[in-house]
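Enquirer: Sequence and computational prediction follow.
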Amino acid sequence: MTQQEWKNKTVVTEFILLGLGNGLELDSLLFLIFLSIYIATITGNIFITVLMVANQHLHTSMYFFLGNMACLEICYCSNILPRMLLSYLNGDKSISVNECFTQYYFFGCLAAAKCYLLAVMSYDRYLAVCKPLHYPSHMNGKLCLQLGAVSWISGILSNSILTFLISNLDFCGPNEIEHFFCDSFPMIKLSSSGTHVVRLVTSVVAGVCSQLPFLLIFSSYLYIIIMIMRIPSDTGRKKAFSTCSSHLIVVTLFYQSILTVYILPHLSPNKIFSVFYTVLTPLVNPLIYSLRNKEVQEALQK
């Protein structure tokens, strides 16, 4: 691009997040709905975290990872919902370019860390069901800390590359993002420079962060199901499956929505599916783990 052509370009300094709909009445309704969801999400996950720390009976590997997940969910929804609520409250849907990149960076890091943490939790359940005699020695405190740290660090590192590449794209044309938060594909779509490499890297990183943990989760539950089917009594099978059912429900809800969005990124209803893995799963996770978990219920009663 020549110097004169560059001068004729208008560099975008802010984006417009179009959100989920337009209209004052709809914005007011969405504000009330998402405010209620945000308050319930923060309250539920703080409750889970405090319960894990305060009750000595919950100081096990399973609840250590569950506490990590609750902390992650608090950060995850706080990265998106407050900015979204503010736009519905004052009608200002603009967001500066730097703020948009920052929001995307933390969203990507936390989403990737969540995928890794779900995989670690499935491995924990695999050891508990398939190798119960070796479980206490294998899944000790040191390994729990290492697996938790690897999940968080891997999420941070994986999205750093994507954020750097996207932030170096040229944005000189339309600035309206067809989404309610800053995500990779909607931002790349607005770039006026070549995006082939960035799209390729985005697909590869998204595959590594989501597909590899998903394969580990699938393999773990395949072995778990095989082991459960070998248990002779119905009571034993139900007891073994109950230790995994809550985690399996969370994995299904999260992956069903996130794979739909990133495997089929050009479908228009993707904003609706995005609501599931950005807003609803952080809300239902503490409900699923508390309502379906007898140990959590007993800890709450005490």
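Expert: Received the coordinates, thanks.
Enquirer: Tell me which residues of the helix or strand where residue 98 lies come out buried.
Expert: For residue 98, the enclosing helix or strand under DSSP states H and E is helix 97-130. Residues of helix 97-130 classed as buried by neighbour count (16 or more other C-beta atoms under 10 Å): 97, 100-130. Yep, even glycine has a C-beta here, placed from its N, CA and C like the rest.
Enquirer: do stretch 185-197 as well
Expert: Buried residues in stretch 185-197, counted by 16+ other C-beta under 10 Å: 185-188, 190-191, 195.
Enquirer: Next, give me the two most distant ones among these.
Expert: Spanning the widest gap among the buried residues of stretch 185-197 are 186 and 195, at 12.1 Å by C-beta to C-beta.
Enquirer: ok, which stretches of the stretch 151-300 of the chain are strands?
Expert: Using DSSP state E, counting those that start in this stretch, the strands of the stretch 151-300 of the chain run over 176-177.
Enquirer: Can you list the low-confidence ranges for it?
Expert: 243, 262-270, 290-293, 297 (pLDDT under 70).
Enquirer: got a list of contacts for stretch 75-92?
Expert: Stretch 75-92 has contacts (C-beta atoms under 8 Å, 6 or more residues apart in numbering) with 17, 19, 27-28, 30-31, 34-35, 37-38, 41-42, 93, 95, 99, 103, 106-107, 110-111, 114, 180-181, 278-279, 282-283.
Enquirer: Make a ChimeraX selection of whichever of these turn out to be buried.
Expert: Selection of buried members from the contacts of stretch 75-92 for ChimeraX, criterion 16+ other C-beta under 10 Å:
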select :17,19,27,30,31,34,35,37,38,41,42,93,95,103,106,107,110,111,114,180,181,278,279,282,283
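Enquirer: Take the contacts of stretch 75-92 and keep only those in helices.
Expert: The helices, defined by DSSP state H, take in 27-28, 30-31, 34-35, 37-38, 41-42, 99, 103, 106-107, 110-111, 114, 282-283 from the contacts of stretch 75-92.
Enquirer: what's near enough to touch residue 234?
Expert: Residues in contact with residue 234 (C-beta under 8 Å, 6+ apart): none are found.
Enquirer: For residue 241, see how far away it is.
Expert: Between residue 234 and residue 241 the computed distance is 11 Å (C-beta to C-beta, to the nearest Å).
Enquirer: how far does stretch 177-187 sit from the chain's center?
Expert: The chain centre lies 16 Å from the centre of stretch 177-187; the measure is C-alpha atoms, centre = their mean, to the nearest Å.
Enquirer: what do you get for stretch 167-178?
Expert: A distance of 25 Å separates the centroid of the chain from that of stretch 167-178, by C-alpha atoms, centre = their mean.
Enquirer: Just the C-alphas of it, formatted as CSV.
Expert: The C-alpha atoms that make up stretch 167-178 are tabulated as CSV, following Å, rounded to 0.1, in the frame of the first residue of the first chain:
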residue,chain,number,x,y,z
SER,A,167,-4.3,-7.3,16.9
ASN,A,168,-1.8,-6.8,14.1
LEU,A,169,-4.5,-6.9,11.4
ASP,A,170,-5.6,-3.7,9.7
PHE,A,171,-9.1,-2.5,10.5
CYS,A,172,-10.0,0.3,8.1
GLY,A,173,-13.5,-0.5,7.0
PRO,A,174,-16.8,-1.4,8.8
ASN,A,175,-16.6,-1.5,12.5
GLU,A,176,-19.8,-3.3,13.5
ILE,A,177,-19.3,-6.7,15.1
GLU,A,178,-22.2,-9.0,14.7
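Enquirer: Adjust the sequence numbering to begin at 22 for everything that follows.
Expert: Yes, from this point I'll number from 22; that puts the last item at stretch 188-199.
Enquirer: Quick one: the helices in the protein, in order.
Expert: For the chain, applying DSSP H gives helices covering 24-28, 45-75, 82-99, 102-111, 118-151, 156-159, 162-188, 205-210, 217-251, 255-284, 291-296, 302-312, 315-322.
Enquirer: Now do the shortest one: distance to the chain's middle.
Expert: Averaging C-alpha positions (C-alpha atoms, centre = their mean) puts helix 156-159 28 Å from its chain's average.
Enquirer: so what secondary structure elements neighbour that helix?
Expert: helix 118-151 (3 or more C-beta pairs under 8 Å, 6 or more residues apart in numbering; DSSP states H and E).
Enquirer: Which pLDDT value goes with residue 80?
Expert: The confidence metric pLDDT takes the value 80 at residue 80.
Enquirer: Find the nearest non-adjacent residue to it, please.
Expert: In this structure, residue 80 finds its nearest non-sequential neighbour in residue 73, 7.8 Å apart by C-beta to C-beta, 6 or more residues apart in numbering.
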